[in-house]
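[1] turn this into a structure:
(chains A and B)
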Amino acid sequence: MLPVTVANGRIDGGVPFPGAGRFAGLLRPSTFILAACVLVALWFVAVPVSALFYNAFTEDTGFGPGAFSLDNFVEAYSSWQILGLFRNSFVFAAGTALTTFVLGGLVSWAVERTDAPGAALFHSLALLSFAIPGLLMAMAWIFVFSPNIGWANKLIQNAFHLQAAPVSIYTMGGMIWALSSHYFPLAYLALGPALRVLDVRMEEAGVVSGARDWQVLAKITLPLLRPAILSAMLLLFVLGMSSYEVPRLIGRPARIDVFTTDIQSAIIQTPPEFGVASALALSLLAICIVAVFFYRRATRHAEAFATITGKGYMPTRIKLGRWRWPVAILVGAMFALALGLPLLTLIWQSFFRNLALPFMGSDAPFTLENYRFVLSYPIFVSAVRTSVLLAAMAATIIAGLTLVMAWVALRSLPRYGWILDAIAFTPIAIPGVIVGAGILVAYLMLPIPVYNTIWILLIAYVTLYLPYGMRFASSGISQVHRELEEVAEVAGARLGQVFLRVLLPLLLPVLLAGWIYVFVLSVRELGASIFLVGPGTHVLGTITLTMWEEGGSYGAVAALGVIQIIPLIAIVAGLRWLELRVERRQQAARTE
Amino acid sequence: MLSVENLHKSFQASGGAEVRAVDGVGLSIPGGRLLTLLGPSGCGKTTTLRCIAGLERPDSGRIVIGDQTVFDSARRIFVPPSDRGIGMVFQSYAIWPHMSVFENVAFPLRVARNRRYLAAEIRDKVARALEMVRLGGFERRSATQLSGGQQQRLALARGLVHEPRILLLDEPLSNLDAKLREQMRFELKHLQRTLRITTVYVTHDQSEALALSDEVAVFNSGRIAQRGAPQEIYSHPASRFVADFIGSANFFPGTVSREADGDGMVEVATAHGTFRCRFADKVLAGAQVVVTARPEDLMLYLTPPPDGANALSGTIAGRVFLGDVIDYIVSIGEAELRIRARPEHDFRVRQSVHIGVAPQKCVGLPT
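    Alright, predicted model coming up:
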């Protein structure tokens, strides 16, 4: 806020950017805060990316980067394998975007546009899906559809007396399905709001102009939704490109390599090929940045579309009549198949020591031995402690940092705010694997002794989830009317007091929601952690992966998964409760 | 041209209660006329319009457009809105933001079912429709670049381009600012008269209704309270609701003390003296009635009013200067009157005044 001066008995607000006071204006405290924010955010975002660039374009000596060289690119891109890598990554990401769009589109249509029952339940289920770590989803689908151990395959084989397993998860289709079943709720969450705010008058105007229903759908509804559809697909494409868990667990045994797994393989080689990994990472980064660029353009147009819907808006839902229940059951079945089935499999398996087939008679004894084993396993206990501690620290740092950044961007210096916004949003385009690899190579070169400590993981998590924190903080601040701060200033409060006594209490629910969101994401994280854990710093994701690949019993791995999922689901349920409270408060404020 | 018979439509309100939005509405207008459905929000006027358009399916009743029965609950007829040959302008305009101005207007022609329009024909018709609403030359613009008033005119062009049998307008001017609204009101009236298109116009603004309509139907909680020409409704309100909703009115409750004399004047004894007034129907002595008088029909005097007028006296309690007129609040005992006067003679607050009103200007209503 600008200083208010009283002169000649008149109260004059300061002019935002007066020509004469240009330099005086730049010396205000908020300018320093802005500069500090930009530096901190830049440090987190720019250091790993520039380290990748540096390593990609220099000679890999084995003792750090050497002279300028393009050898890494030659080595990374000269074999025919690279074509397969591009193709696999594209097919996997595009397939995921398409599948999630179809499934998520159906859910959002049923929930937002029809009177099918269960809308609130489906919405909550969609949010809960976010509590499940991707690694465990991939594991669970292997338990279901692996040609060797998958129970669904056994079931079908027995029923139809087949020799070979009918379905294999170890295919491109299996990979796409495993990721889509986890991410389709995200497609719903991205498409739902667009369907909700779509003004039905737009469609009615088409109908009274003489258009048939399919003409309205093709010429009005779909074009109006195009920005939302496009942005949802691009977002899921980027998530597919960035996905590490499914390619690692399912793609690698199937010899279907994508960028994320190939980058990781290059780094774990002896000696590690940092240069080649960096050169590969730049391609992945470029693809994601281009996609995110178009994503932002699409969402910007979405806002332009939304603003011209006028008053008199009355949501009219399609009355399905006798199709109400069939539609609800179809959507429910989708959730059951995509999320219920893998979860149930995991829970079932966790009660048996050896491979167990749900829904089939088994003479193996039901046991709690797996849980007893996992809970008394020292590495697991220390990983829980590390993960929770790290996630809490990352969430706290992000909440504080993004609160200040969003405030500076929106309120204090709105003219330069976009710089902060852009920096904070950039990591959305940087896959976890790249953040991990980038931080690894960066801090091997920098004289900051964080390697092999939990601090290097903390840096990675803060970088990765900065955009999410920023989104929560910006939307929170833009919903607090500026006059609430101004009246405190007029009443004599200083900047710090306005912040602590007005802004913070008003924003607390939103900040808490953002905190929980980042906490859950950090606990789930694997793609970056895989590069950064050391012998003494295991996190949940990495020990689960180790146990899976290096032969824990099936039961113990499943129990390890269930122990992670249950508290996460409880936390996300808490987040949902908090969001409902915020929504209710906003509605109350709007109707006043 | 359009007739609506005994229309009923109920909604399930949140909480399960049944709301009778439209409760036995009957309407008819000859071709080329403009009918206004006027009433406060929630009175059923918009629901009636949406039933005529086919966007709502009535529970029962009959709707005929031209010679086509588009809805008849008894014969189970329901013609979908796309086949009713109507044009409609929404309150929010519902201009499609993904289409240019040209494409917005061309849409009804492109989806037309009775015939295929050639590209040249479409170009020609769209140009004429845009010319009509003074948007000629805007064809290539994106619809989102238009101002509120231009969007409103664009919506009108889209509603007229396919030469519909009737034009339905749902509060088309309510999103415009006051000056623009007045200007558009004249343009709309001029356009409707020129094209002689049968029009149903929904509004909650009484001055809009009076200015535009050939006929006004005043709605009150799902029913039609009164139908008639604007003049007639203004000067002969049939109920206290209509008198109050159209313009504003002062009310004097009382008892009929003498039945109609040779001039048709009835005498009513009120707390403020005896009033002579007109009644639409015959009333008997002793009936409980209310006498209404419009603020602009009450005259302020320094001396008692001339003979023959209904006379009152009171004190000025407040005044608001509005430029061409002054609004006074005058206390008469316990009650207060609203009086609108020309500013030639200025009365001050707390000044004692005499009030007179011609018996012809007083309308008696049964309570």
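[2] for chain A, give me its nearest residue in the stretch 1-150 of chain B.
    Across the stretch 1-150 of chain B, the shortest distance to chain A (Cβ to the nearest Cβ) belongs to residue B:92, at 2.9 Å. To be clear about C-beta, it is placed using only N, CA and C from the backbone, and glycine gets the same treatment.
[3] and chain B, which of its residues are near chain A?
    Residues of chain B lying close to chain A by Cβ under 8 Å from any Cβ of the partner chain are B:53-55, B:80-88, B:90-99, B:107-108, B:111-113, B:143-144, B:151, B:155, B:158, B:162, B:168, B:170-171, B:174-175.
[4] so the residue of the stretch 1-150 of chain B closest to chain A belongs to a helix, correct?
    No - Residue B:92 is assigned coil when assessed by DSSP: H, G, I helix; E, B strand; the rest coil, not a helix.
[5] if we can go back for a sec, among the residues of chain B next to chain A, name the buried ones.
    B:53-55, B:81-82, B:84-88, B:90-99, B:107-108, B:111-112, B:143-144, B:151, B:155, B:158, B:162, B:168, B:170-171, B:174-175 (16 or more other Cβ atoms under 10 Å in any protein chain shown).
[6] give the closest residue to residue A:209 in space, chain neighbours not counted.
    Take residue A:209 and drop its neighbours on the chain: the residue closest to it by Cβ to Cβ, 6 or more residues apart in numbering or on different chains is residue B:108, 3.9 Å away.
[7] residues near the nearest residue to residue A:523 once chain neighbours are set aside, how many?
    Leaving out its chain neighbours, the residue that sits closest to residue A:523 by Cβ to Cβ, 6+ apart is residue A:391, at 4.8 Å. Neighbour count of residue A:391, defined by other Cβ atoms under 10 Å in any protein chain shown: 26.
[8] kindly report the same for the one 4 residues further on.
    Other residues within reach of residue A:395 by the criterion other Cβ under 10 Å amount to 27.
[9] filter the buried ones among the residues of chain B next to chain A down to the ones in helices?
    Judged by DSSP state H, helices contain the following of these: B:53, B:107, B:108, B:151, B:155, B:158.
[10] got JSON lines for these, with pLDDT and distance to residue A:90 too?
    Output for these, formatted as JSON lines (pLDDT from 0 to 100; distance: Cβ to Cβ, whole Å):
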{"residue": "B:53", "pLDDT": "92", "distance to residue A:90": "48"}
{"residue": "B:107", "pLDDT": "93", "distance to residue A:90": "37"}
{"residue": "B:108", "pLDDT": "92", "distance to residue A:90": "42"}
{"residue": "B:151", "pLDDT": "91", "distance to residue A:90": "42"}
{"residue": "B:155", "pLDDT": "93", "distance to residue A:90": "44"}
{"residue": "B:158", "pLDDT": "93", "distance to residue A:90": "42"}
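[11] ok, which pair from those is furthest apart?
    Farthest apart among these by Cβ to Cβ are B:53 and B:151. That separation is 19.9 Å.
[12] so where do the helices sit in the stretch 151-300 of chain B?
    Ranges of helices in the stretch 151-300 of chain B, per DSSP state H, counting those that start in this stretch, are B:178-195, B:206-212, B:230-235, B:240-245.
[13] mind listing what's buried in the first one?
    In other words, helix B:178-195. Burial within helix B:178-195, assessed by neighbour count using 16+ other Cβ under 10 Å, is assigned to B:181, B:184, B:185, B:187, B:188, B:191, B:192.
[14] export those residues as TSV, with columns for pLDDT.
    Formatted as TSV, the buried residues of helix B:178-195 follow (pLDDT from 0 to 100):
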residue	pLDDT
B:181	87
B:184	88
B:185	89
B:187	88
B:188	90
B:191	91
B:192	93
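[15] from the residues you listed, which is closest to residue A:534?
    residue B:181 (71.8 Å).
[16] tell me the spacing between that closest one and residue B:277.
    Between residue B:181 and residue B:277 the distance, using Cβ to Cβ, to the nearest Å, works out to 35 Å.
[17] what does residue A:419 give?
    75 Å.
[18] please say which of the two ends up with more neighbours.
    Between residue A:419 and residue B:277, counting by other Cβ under 10 Å, residue B:277 is the more crowded of the two (27 against 16).
[19] and the pLDDT for residue 278?
    Going with chain A. Looking at residue A:278, its pLDDT reads 87.
[20] meant chain B, my bad for not saying
    For residue B:278, the predicted pLDDT is 89.
[21] got the residues of the stretch 151-300 of chain A near chain B?
    So the stretch 151-300 of chain A meets chain B at A:199, A:201-202, A:204-212, A:215, A:219-220, A:223-224, A:226 (Cβ under 8 Å from any Cβ).
[22] going through the residues you listed, which ones are buried?
    The neighbour count (16+ other Cβ under 10 Å) marks A:199, A:201-202, A:204-211, A:215, A:219-220, A:223-224, A:226 as buried among these.
[23] quick one: mean pLDDT over the helix of greatest length in chain A.
    Looking across chain A with DSSP H, the single longest helix is helix A:554-591. Mean per-residue pLDDT for helix A:554-591: 82.
[24] buried set for that helix?
    Residues of helix A:554-591 classed as buried by neighbour count (16+ other Cβ under 10 Å): A:554-565, A:568-569, A:571-572, A:575-576, A:578-579, A:582.
[25] same check on stretch A:241-259?
    Buried residues in stretch A:241-259, counting neighbours by 16+ other Cβ under 10 Å, are found at A:241-252, A:254, A:256-259.
[26] one more: stretch B:39-53?
    Going by 16+ other Cβ under 10 Å, stretch B:39-53 has these buried residues: B:39, B:43, B:44, B:45, B:46, B:47, B:48, B:49, B:50, B:51, B:52, B:53.
[27] how about the CA coordinates for stretch B:250-270, as CSV?
    C-alpha atoms of stretch B:250-270 as CSV (Å, rounded to 0.1, in the frame of the first residue of the first chain):
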residue,chain,number,x,y,z
ASN,B,250,-51.3,6.9,-2.1
PHE,B,251,-53.9,4.7,-0.5
PHE,B,252,-56.9,5.9,1.7
PRO,B,253,-58.8,3.0,3.2
GLY,B,254,-62.5,3.7,4.0
THR,B,255,-66.1,2.7,3.8
VAL,B,256,-68.6,3.5,0.9
SER,B,257,-71.0,6.1,2.4
ARG,B,258,-73.0,6.9,-0.8
GLU,B,259,-73.4,4.8,-3.9
ALA,B,260,-72.8,6.0,-7.5
ASP,B,261,-74.6,9.3,-8.4
GLY,B,262,-75.5,10.6,-11.8
ASP,B,263,-71.8,11.3,-12.7
GLY,B,264,-70.8,7.8,-11.5
MET,B,265,-69.0,9.2,-8.5
VAL,B,266,-69.0,7.2,-5.3
GLU,B,267,-68.5,8.8,-1.9
VAL,B,268,-66.1,7.1,0.5
ALA,B,269,-65.7,8.0,4.2
THR,B,270,-62.0,7.8,5.2
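[28] chain center to it, what's the gap?
    29 Å (Cα atoms, centre = their mean, to the nearest Å).
[29] if we look at that stretch, which residues are touching it?
    Residues from elsewhere that reach stretch B:250-270 (Cβ atoms under 8 Å, 6 or more residues apart in numbering or on different chains): B:240, B:243-244, B:271-272, B:274-279, B:282-295, B:298, B:337-338, B:359, B:364, B:367.
[30] which of these are buried?
    Buried among these (16+ other Cβ under 10 Å): B:240, B:243, B:272, B:275-279, B:283, B:287, B:289-295, B:298, B:337-338, B:359, B:364.
[31] where does chain B dip in pLDDT?
    For chain B, the stretches flagged by pLDDT under 70 are B:14-15.
[32] at 80 what do you get?
    B:12-17, B:261-263, B:367 (pLDDT under 80).
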